[in-house]
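Asks: Have a look at this fold, sequence not included:
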């Protein structure tokens, strides 16, 4: 697990004031219930956006588990500016853990691929992601959705950048293969 003071980038939530976030973290670390509630409101959508594509149907459970770990460990966070990177590392770890634990069967195969812009497209992409391993979903989510480089993805997944590159290659190949089915 990355150290609580490790930073993996700036805050990913638009319109968030870094000074306000620092103040919220410090107040929450002193058990200020209002600050904890505001921090929860700030972090919940971000954590859910990360956990969902990795844990799929278990995304809400992974989100909840990640938030529990974040808030029970918050006093260990030494640098409030690292909040989002620290929360991302915890979220990815918890989402992969929940997805592995679920071990669900693969869904039925897709018959027709919808055109871009079709509302069914999002559901179909999620179905294809469901066919991938949690590790492949994690690397795709972090690289393609979060836009992290291989080094940052490697730090979050505790693997070398070369492993990230090979997983990303295999994940993309598997995604294409499953999409074409």
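Replies: In hand now; what should we look at? Here the structure is a predicted model, which means the values were calculated and not measured.
Asks: Run through this structure and note the low-pLDDT ranges.
Replies: Residues of the chain meeting the criterion pLDDT under 70: 1-14, 103-122.
Asks: ok, now with 90
Replies: Within the chain, the ranges that satisfy pLDDT under 90 run 1-17, 52-57, 96-97, 99-138, 140-159, 161-169, 171-181.
Asks: Dead centre of it: give me the residue that sits there.
Replies: residue 50 (2.7 Å; C-alpha atoms, centre = their mean).
Asks: dump the residue contacts of that residue.
Replies: Residue 50 sits next to 88, 91-92, 95, 141, 146 when contact means C-beta atoms under 8 Å, 6 or more residues apart in numbering. In short, each C-beta sits where N, CA and C put it, glycine included.
Asks: Those residues, buried ones only, as a PyMOL selection?
Replies: To isolate the buried subset of the contacts of residue 50 in PyMOL, counting by 16 or more other C-beta atoms under 10 Å, use the following:
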select buried, resi 88+91+92+95+141+146
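Asks: returning to that earlier point: pull up the gap between the residue nearest to the centre of the chain and residue 93, please.
Replies: 11 Å (C-beta to C-beta, to the nearest Å).
Asks: Likewise for residue 174?
Replies: Distance from residue 174 to residue 93, by C-beta to C-beta: 22 Å.
Asks: Tell me which of those two has more neighbours.
Replies: residue 93 (21 against 16; other C-beta atoms under 10 Å).
Asks: tell me which residues in the host helix or strand of residue 126 are buried?
Replies: Element membership of residue 126 [criterion: DSSP states H and E] is helix 120-130. With burial defined by 16+ other C-beta under 10 Å, the residues of helix 120-130 counted as buried are 127-130.
Asks: what do you get for stretch 162-173?
Replies: 163-164, 167-168, 171.
Asks: ok now that stretch, how far from the chain's centre?
Replies: Relative to its parent chain, stretch 162-173 has a centroid offset of 17 Å by C-alpha atoms, centre = their mean, to the nearest Å.
Asks: Longest helix in this protein, please.
Replies: For the chain, the helix with the greatest residue count under DSSP state H is helix 33-55.
Asks: Now the element after that one, going C-ward?
Replies: With DSSP H and E, the next secondary element past helix 33-55 is helix 59-73.
Asks: for whatever helix or strand comes next after that following helix, packing partners?
Replies: Reading on from helix 59-73 to the C-terminus, the next helix or strand found by DSSP H and E is helix 83-102. With contacts taken as 3 or more C-beta pairs under 8 Å, 6 or more residues apart in numbering; DSSP states H and E, helix 83-102 sits against helix 33-55, helix 59-73, helix 134-140, helix 150-157.
Asks: same thing but 10 Å
Replies: helix 18-29, helix 33-55, helix 59-73, helix 134-140, helix 150-157 (3 or more C-beta pairs under 10 Å, 6 or more residues apart in numbering; DSSP states H and E).
Asks: buried stuff in the longest one?
Replies: What it means is helix 33-55. 35-36, 38-39, 42-43, 46-55.
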